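Visitor: Take this sequence and fold it.
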Amino acid sequence: MSKRLYKSKKEEIKTQKTGTYFNAKNSDKKSYETYTKEDLIAEVEQLKKRKQYGLVWEEQEEKFDKDTIGKLPVLREVKNKEIKKDKDGPVNLLIEGDNYHSLSVLNYTHEKSIDVIYIDPPYNTGAKDWKYNNHYVDINDAFRHSKWLSMMEKRLKLAKNLLRSDGVLICTIDENEQAHLGVLLEELFPDHEIHCITIVHNPRGVQGDNFSYMHEYAYFVFRRGLKVIGSKQRDEVLEEELRDHGGESLRTNAKNCFYPILVKNGRIIGFGDVPHKDFHPKTKNVYRKKDKIIEVWPVDVKGIERKWVFARNTVEEIKDKLFVSTKKNGEIDIFRRKDTQKPRTVWIGTRYDASTFGSKIVNGLTGTTFPFPKSLFNTKDCLECVVKQRKNAVVLDYFAGSGTTGHAVMLLNKDDDGQRQFILCTNNENNIAEDVCYPRIKNVIKGHKDYPDITGMPGNLKYYKTAFVGATPSDANKKKLTDQSTEMLCIRENTFEKVLERKHFKIFKNNQKHTGILYDQVAIPDFKKVAKTIKGPIHTYIFSLEDEDFSSEFEDMNGRIVVSPIPEVILRVYRRIFGIKI
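Guide: Predicted coordinates:
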């Protein structure tokens, strides 16, 4: 890790003699403030307390910080954008709004429940490809890196709370912020493994002053010690002996890798135990007359005892990859078919070309031009490393852009009949949500004649926009938050089908459970009458100005109803994020 220092406050002190001090946080306004000598001494003392190692930058305030003071985010569904195609399939989500607010909502609805977060944030190239506080950040902006790091840190802190204990964060980036992002990730995820993968996504290269760049990076972040990265298909299937060769291939190098493989009628039927160190098979193939089984030992042609590549306690995991090879003299060997491999740290292939499988696909599906979309297969392969064995995984992308992540998730589901769900968050700058992301997902689900292989897949979609309610402490604001919480509660419970709507309560369901929302406690008797006709559990939310959950009212329901007070269950999360007192 290298120490980086971006425009520290020491550098911002322009003229100590006159006491004139340049306020960097208001640098866009070119504002100057007059400070006393004592102020400057105090400032220097404060600087001495700052960390001496790691990533240091000048914190930058975002426009939404001011715009949403005294407000709390909620979600409102855009009904006419709902897509229903797969009755029993997962309901995917598209949330339009600033992703900080979307992540705040998700901190309530999806805390510790996301399998994979895949993001492709703005690369901060300095070519006016990214806005901060409604202004493009160009290469001459003195606080270009500080603005980017401030933006990323705020959102990564919220995102971290969404990951499951075995969840994985994947973040793609190019050379402009790759080093800085790596150090930031080390600070935010100190107990995690961080792997940086190189992906050749532009074989033609982008001409620079000295080098032509043809690659980008993908960081994979997950808790240390976990085995969460699965194997991927090889382009070419290999067949090789299971017996080890070369250096450190002797029996004595790994005693648990010396055992017999049992063969009968030309098929592998099992595996024997690791023998005592003093036992030595007479030959490579030992025929057992009593059961007509041949024991195959890892012994070479010279009779030297070697070892199998896999230990006895792991070899059964690859049994379906093993096969028997019989020589002309009748001698039996064991071979392994290698059609998968652990992902390598450099990915090369035409499938990662961002022009062919990124720009052209987006343009073809939406009729719009979108700058620098990811190759569909770049994103798909990144996700597949993690969710190949998680057929019900939840995948979040809070820099959704053109919707490549959602497209990739549906393509993975098509490959193996999975039920993975995606959540996409994007703003609507230049109508990206309405004119690019949504039309793409819509065409992927409904099908497109020019792309029959990668569209026309089962899927459902709900479209939401972020909105706000007041955060000042009052009973009225608590009631407003409750009235606007329906979408959030349905998302949290994953129950979207409305069963019943009455004046003071609503009931929703999915295939396994129901959700009840009571906007007034006076509705409890009527709600109970309906609840008694419903089979299975009902998670019920009841409006309460305090923290009362009214559970005593449901003691006669045989434990089928779990009660939570609203808006208190939501406010607990928002107090942590926004520091409110409501």
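
Visitor: wait, what's in contact with Glu177?
Guide: Tyr123, Asn124, His145, Trp148 (C-beta atoms under 8 Å, 6 or more residues apart in numbering). In short, each C-beta sits where N, CA and C put it, glycine included.

Visitor: Of those, which pair is most distant in space?
Guide: Tyr123 and His145 (12.1 Å; C-beta to C-beta).

Visitor: Mind putting the contacts of Glu177 into CSV with pLDDT, distance to Leu411 and neighbour count?
Guide: Shown next, in CSV, are those (pLDDT from 0 to 100; distance: C-beta to C-beta, whole Å; neighbours: other C-beta atoms under 10 Å):
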residue, pLDDT, distance to Leu411, neighbour count
Tyr123, 90, 24, 19
Asn124, 84, 29, 25
His145, 86, 35, 21
Trp148, 91, 31, 25
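
Visitor: quick check, nearest of those residues to Arg390?
Guide: Of the contacts of Glu177, the one sitting nearest to Arg390 (C-beta to C-beta) turns out to be Tyr123, at 28.7 Å.

Visitor: Which residue is the nearest non-sequential neighbour of the closest one?
Guide: Asp174 (4.7 Å; C-beta to C-beta, 6 or more residues apart in numbering).

Visitor: how many neighbours does the one you found have?
Guide: Using other C-beta atoms under 10 Å, Asp174 has 17 neighbouring residues.

Visitor: center of the chain - which residue?
Guide: The centre of the chain sits closest to Ile117, judged by C-alpha atoms, centre = their mean, with a distance of 1.2 Å.

Visitor: Just checking: what are the partner strands of the helix or strand that contains that one?
Guide: According to DSSP states H and E, Ile117 maps onto strand 114-119. Partner strands for strand 114-119, per DSSP bridges, with pairing direction: strand 163-173 (parallel), strand 394-397 (parallel).

Visitor: For those strands, state which one has the densest average packing.
Guide: strand 394-397 (a mean of 26; mean count of other C-beta atoms under 10 Å).

Visitor: Quick one: mean pLDDT over it.
Guide: Here strand 394-397 scores 98 as its mean pLDDT.

Visitor: Quick one: residues in contact with that strand.
Guide: With contact meaning C-beta under 8 Å, 6+ apart, strand 394-397 is reached by 106, 110, 113-120, 159, 162, 383, 387, 405-406, 409, 420-425.

Visitor: If any of these are buried, put those into a PyMOL selection.
Guide: Buried residues among the contacts of strand 394-397 (16 or more other C-beta atoms under 10 Å), as a PyMOL selection:
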select buried, resi 106+110+114+115+116+117+118+119+120+159+162+383+387+405+406+409+420+421+422+423+424+425
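
Visitor: Wait, Ile534 touches His514, no?
Guide: Yes: using C-beta atoms under 8 Å, Ile534 is in contact with His514, at 5.7 Å.

Visitor: Quick check: neighbours shared by these two?
Guide: Val499, Ile507.

Visitor: For those two, work out which one has more neighbours and name it.
Guide: Neighbours were counted for Ile534 and for His514 using other C-beta under 10 Å; His514 has more, 24 against 17.

Visitor: ok, now how distant is that one from Ile445?
Guide: Taking C-beta to C-beta, to the nearest Å as the measure, His514 and Ile445 are separated by 27 Å.
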